[in-house]
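Enquirer: Quick one, what's the 3D model for this:
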Amino acid sequence: MMDSHDRETFTRPDGSAYEDWARLLPEQIAWYREQARALSAAGCRDTAVILHMPIYAYREAAGAALREGIRARDVTPEEAAGADVWNPGYEEAFGLWREDICSPPVDEGAFAAILEEGTTRHVIAGHDHTNTFVIPHRGVRLCYGLKTGTGSYWERGINGGTVLRVTSEGIAEIRHEFVDIAPWEDREKA
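Expert: Okay, the predicted model is just below:
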C-alpha cells in the first residue's frame, strides 16, 4: 500500500503554476523497487500495489482500451464486460468509466518501475467514485475498487465492494459485488 497524497503544484510551459492531483514521489518509487526486488528474491511473482489515487498509467490504459466511437459515460454495466466496448487485446477489460481519471497530469514513472521490476500484476486504486474499470494493460491489471457506501459523491447502482480472490499464486480473480443503496433522502421518506 502506498500513500498517493492529495494535491501538488505543477508548472505550465509558460512558467505559471497550477494545482492538480499529486504524484508518487521519486523516493516512493525507489521504495517500491526495493520492496519488489525483496519480494522477488523471496519467490513472490504476483504482487499488488494498492493506493488511493490512480497512477498516470490509468489514463494511458483507458485511452488504449476503449474502442473508438464509444462514449465511455454512456456504457451500461451490462455492456461494460462485452468485447464491443474494448479494443482488440483488451477483451478481458470490464467495468465503467464514468468520470475523469483523477491521476497526476504527468507521468510520474510508477508504471515504468512496475514493468521493469516485473512482479506487480495488479494496481488497485479508488478516488474516482463512479469509475469501476479493470483494464489489463501491458501485463498489469489497472483496477478501480468499487465505491462502498454513501459518503462523498456516488451514483446509484455503482456501489458495493470489490472482491479479490487471493490464492498461493497471487490474485486469481477480481470482481465487483454491486448492492443497491438508496440515497439518504429516499430512506428518510420510507
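Enquirer: tell me how far the ends of stretch 34-52 are from each other?
Expert: Criterion Cα to Cα, to the nearest Å; first-to-last residue distance in stretch 34-52 is 21 Å.
Enquirer: Show me which positions of it end up buried.
Expert: Using 16 or more other Cβ atoms under 10 Å as the burial criterion, the residues of stretch 34-52 that qualify are Q35, A36, L39, D46, T47, A48, V49, L51. Quick note: C-beta positions are derived from backbone N, CA and C, even for glycine.
Enquirer: which regions of the chain sit below the pLDDT cut-off?
Expert: Scanning the chain for pLDDT under 70 picks out 183-190.
Enquirer: Show me where it has its strands.
Expert: All strands of the chain, identified by DSSP state E, fall at 7-11, 17-21, 47-50, 120-125, 134-137, 140-144, 160-167, 170-178.
Enquirer: tell me the angle of the first one relative to strand 17-21?
Expert: Regarding strand 7-11 and strand 17-21, their directions subtend 140 degrees when assessed with axes from the mean of the first three to the mean of the last three Cα atoms, to 10 degrees.
Enquirer: Now do strand 7-11: distance to the chain's middle.
Expert: 21 Å (Cα atoms, centre = their mean, to the nearest Å).
Enquirer: Relative to it, what are the paired strands and their orientations?
Expert: strand 17-21 (antiparallel) (DSSP bridges).
Enquirer: What is the longest helix seen in the chain packed up against?
Expert: Looking across the chain with DSSP state H, the single longest helix is helix 26-41. In terms of contacts (3 or more Cβ pairs under 8 Å, 6 or more residues apart in numbering; DSSP states H and E), helix 26-41 is packed against strand 47-50, helix 110-117.
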